[in-house]
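# What follows is a predicted protein model with its sequence.
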Amino acid sequence: MTLRIYNTLTRKKEEFVPLEPGKVRMYVCGPTVYADAHVGHAMAAIVFDMVRRYLIYKGYEVHYVTNFTDVDDKIIKRANETGEDPMELANHYANKYLEHLAQLNVMPADEYPRVSREIDEIIHVIQGLEEKGYAYPVDGDVYFRVLADKDYGKLSHRKLDEGLAGTRVEEDERKEFVGDFALWKSAKPGEPSWDSPWGPGRPGWHIECSTMCLHHLGETIDIHGGGNDLIFPHHENEIAQSESLTGKPFARYWMHNGMLQLGGQKMSKSLGHLVTIDEFLSKHNGDALRLLIFSGYYRKPVAFTEESLESAERSLARLRSALRPTVGDQSTGPDADALRLATEDARIAFIQAMDDDFNTSSALAALFDLVRAINSARDAGVGGPFFEAAQRTLRELSGVLGLQLAEGAGGDVGVAAKPFIDLLVSVRSDLRAAKQWALADKVRDQLAELGVVLEDSREGTTWRFDKMTG
RNA sequence: GGCGACGUAGCCAAGUGGUAAGGCAAGGGUUUGCAAAACCCCGAUCGCCGGUUCGAAUCCGGCCGUCGCCUCCA
C-alpha cells in the first residue's frame, strides 16, 4: 500500500516518494512569537505531528524541522508598547509555545531554528541571490527581483501581470516591480539589527524559511507544510528564493492545512479573534482538540464551537471505554474469533484511510469500529490474548494520531485527592451493601459535581476524573 | 475584481459514476437498587435548476450561499 499526498503545487494527490529512500525531510512553518499562540496554531502543529507520526509508522526516518520567527515587525512593535526587549519578548513566547506543544503531545522537532540564530546563513543566501541577479540593494534594503524568476506564481497559481499589479497596498517607488519583496530591511533607530554587506538591518520574513531549510535539511526537502494562509505570498516567495539560488526543486510535496473557524471566521491573531491554547488547555486536554481536528479533513476548514468540542470530548470518552479491562476469560470461541478479525480489519481500514492523504475521519471510523468490537467482546466474556491484542492495536493506532487516551489524572490536586476518593467510594460500597440507597446516591452525586464519575458494575465500583487531565 | 475551496441526516463529517462510513445528540430496548458506562435497534437521496449517462451525492453548465488567499497571519 502506498501513501498518497495532496500536493498544493500540482493540485493533485500524488504517490509519496521521498528523495532518499526511507528518509523524509520535513519542514513546517512555525509561528511568529509576539503573543500567546491560539488553537489555530495548535491545529497546524497537530496536523503535521500526525503526518510525521504516520510517516514514522510507515517505517520512514523523519527529520523534522520547524522554526520560530523571532525577528519581525510585530515583535518590535509589541516590545515598544510594553517596554520590553524584543528578543526577550520573543524568547518568552517561544518557550511558552514549546510548553504548549508538549502539553498537546506534539513530538519535539529535531531542530527549532530561530531567525536570530541564523543571521549569517541568511546573509549568505541573500548574497548568493544578489550574485545571480535575483536580488538588488536599495538604500540599505535588499529586494528580490520577482520578474527574474520565470515561474514565479506556480504554487499559488497566480499570474504576475494582472493578478499582482494594482492590488498591492504597499507601493514603493524604489522597487523595480510592485511584487518585489524584501530580503533585508535596513535598521531603523531602536530596532534590533545585525551588520551586513548592505549595512545594519534585519532579514525579511520569507528569506528565513528558505535559509533554514537549506541549512538544516538541504537544497531539496520532501515535505513543506504550513497553514493555507501561507501559500501566498510566504511559500511562493520561499520557492522563488530557494530555487533561484540552487536551481533545484525546493520542496517535493507542499502540504497545507485548512483554517480553524471560530464563529464562521478564520481564527486570527492579528484580528484578536481567537481562543488561546492556554484557555483551551484550562478546560480540555490535547486529545479533545485532536479528535475535533481529525474528525474532519486537514485541508478543509474546521469549525471550533462549543458543540463540536463537546462532541469531541464524548467521542474521546468512547475511545477510552474500550481500554477498560475485561474480567472475561473466554480466550477462544466465536466471540474471541470475531474480535480477532475485527482487530485485523481495523488495522487495514486505518492504514487505507491514512494512505489516502491522511483521511483521519475515515481512520477514526475504523477505530470506532474496533471500539465497538472490543466492548462487545468484553460484554460477551472474552479475555486473553485476542482481547489484549485488540486493545494493544487500539492504543497503537490511536498513538499514530497522537492520541494518548489517558484517563484524567485531575492534576496535582487530583493525585492528592485520590486516597480520599477511594475512601469515599469504599464507604459508599458499604452503604450499598446495606441498601442505604439514598446515602449512597448522595455520595455519588456529590462526587460527580466535583468531577469524579462513579460507575458500578458486578465487579465493584470504579471511578475516574471527568474530562480534565493534569 | 482575480485565484481557490466548500455546501451530505438536529449538529460535526467521510464518500468523487452503480442505490449514502463514523462521531455527537434525540428516541426505543438489554443491563443496573436507581444511575453511569457498555451493547442492540432506530434517522438523510446528498444547496437549487438543467444537462451527459443504462445509472450521479459523485461528471458538465448555470444559479444561490459560506469560507480562504490576493496585506501580517498556522
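Arrived safely.
# Helices of chain A, residue ranges please.
For chain A, applying DSSP state H gives helices covering A:39-57, A:73-82, A:86-103, A:119-131, A:205-216, A:236-246, A:277-281, A:286-294, A:306-321, A:334-355, A:360-379, A:385-400, A:411-433, A:437-449.
# JSON lines please, covering these and showing mean pLDDT and distance to RNA strand B.
Quick note: C-beta positions are derived from backbone N, CA and C, even for glycine. Shown next, in JSON lines, are the helices of chain A (pLDDT from 0 to 100; distance: least, Cβ to the nearest atom of the strand, whole Å):
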{"stretch": "helix A:39-57", "mean pLDDT": "97", "distance to RNA strand B": "2"}
{"stretch": "helix A:73-82", "mean pLDDT": "92", "distance to RNA strand B": "6"}
{"stretch": "helix A:86-103", "mean pLDDT": "96", "distance to RNA strand B": "10"}
{"stretch": "helix A:119-131", "mean pLDDT": "97", "distance to RNA strand B": "15"}
{"stretch": "helix A:205-216", "mean pLDDT": "96", "distance to RNA strand B": "5"}
{"stretch": "helix A:236-246", "mean pLDDT": "96", "distance to RNA strand B": "9"}
{"stretch": "helix A:277-281", "mean pLDDT": "94", "distance to RNA strand B": "12"}
{"stretch": "helix A:286-294", "mean pLDDT": "96", "distance to RNA strand B": "7"}
{"stretch": "helix A:306-321", "mean pLDDT": "93", "distance to RNA strand B": "3"}
{"stretch": "helix A:334-355", "mean pLDDT": "96", "distance to RNA strand B": "7"}
{"stretch": "helix A:360-379", "mean pLDDT": "97", "distance to RNA strand B": "3"}
{"stretch": "helix A:385-400", "mean pLDDT": "97", "distance to RNA strand B": "12"}
{"stretch": "helix A:411-433", "mean pLDDT": "90", "distance to RNA strand B": "5"}
{"stretch": "helix A:437-449", "mean pLDDT": "94", "distance to RNA strand B": "3"}
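# Distance to A:R458 and mean neighbour count added to those helices, as a markdown table?
Listed next are the helices of chain A as a markdown table, based on distance: least, Cβ to Cβ, whole Å; neighbours: other Cβ atoms under 10 Å:
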| stretch | distance to A:R458 | mean neighbour count |
| --- | --- | --- |
| helix A:39-57 | 38 | 23 |
| helix A:73-82 | 60 | 15 |
| helix A:86-103 | 37 | 17 |
| helix A:119-131 | 66 | 19 |
| helix A:205-216 | 57 | 24 |
| helix A:236-246 | 61 | 24 |
| helix A:277-281 | 37 | 19 |
| helix A:286-294 | 29 | 25 |
| helix A:306-321 | 17 | 16 |
| helix A:334-355 | 18 | 18 |
| helix A:360-379 | 12 | 20 |
| helix A:385-400 | 18 | 18 |
| helix A:411-433 | 13 | 13 |
| helix A:437-449 | 16 | 14 |
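# Nearest approach to A:G199 belongs to which of those?
helix A:119-131 (11.7 Å; Cβ to Cβ).
# got the contact list for that closest one?
Helix A:119-131 has contacts (Cβ atoms under 8 Å, 6 or more residues apart in numbering) with A:115, A:135-137, A:142, A:144, A:183-184, A:194, A:196-197, A:203, A:207-208, A:210-212, A:214-215, A:241, A:244-245.
# what angle sits between it and helix A:236-246?
Between the axes of helix A:119-131 and helix A:236-246, defined by axes from the mean of the first three to the mean of the last three Cα atoms, to 10 degrees, the angle is 70 degrees.
# Name the nearest residue to A:T32, sequence neighbours excluded.
Nearest residue to A:T32, sequence neighbours excluded (Cβ to Cβ, 6 or more residues apart in numbering): A:T69, at 4.1 Å.
# wait, what's in contact with A:W194?
Contact analysis of A:W194 by Cβ under 8 Å, 6+ apart lists A:I119, A:I123, A:P200, A:G201, A:R202.
# Give the bridge partners for it, please.
Beta-bridge pairing for A:W194 (DSSP bridges): A:G201.
# Could you report the pLDDT at it?
Here the pLDDT value assigned to A:W194 is 96.
# Could you do A:G247 as well?
95.
# and chain A, what are its domains?
Domain assignment for chain A by automatic domain parsing gives A:4-279, A:283-400, A:411-465.
# what's the first-to-last distance across the first one?
Its first and final residues considered, domain A:4-279 spans 36 Å by Cα to Cα, to the nearest Å.
# Could you do the last one as well?
According to Cα to Cα, domain A:411-465 extends 10 Å from its N-terminal end residue to its C-terminal end residue.
# Run the chain-centre distance for that domain.
Relative to the centre of its chain, domain A:411-465 is centred 37 Å away, using Cα atoms, centre = their mean, to the nearest Å.
# one step back: what's the closest of the helices of chain A to A:W463?
Proximity to A:W463 (Cβ to Cβ) singles out helix A:411-433 among the helices of chain A, at 5.7 Å.
# who touches the closest one?
Contacts to helix A:411-433, defined as Cβ under 8 Å, 6+ apart, come from residues A:408-410, A:439-440, A:443-444, A:447, A:452, A:454, A:456, A:460-461, A:463, A:465, A:468-470.
# among those residues, which are in strands?
A:V452, A:L454, A:D456, A:G460, A:T461, A:W463, A:F465 (DSSP state E).
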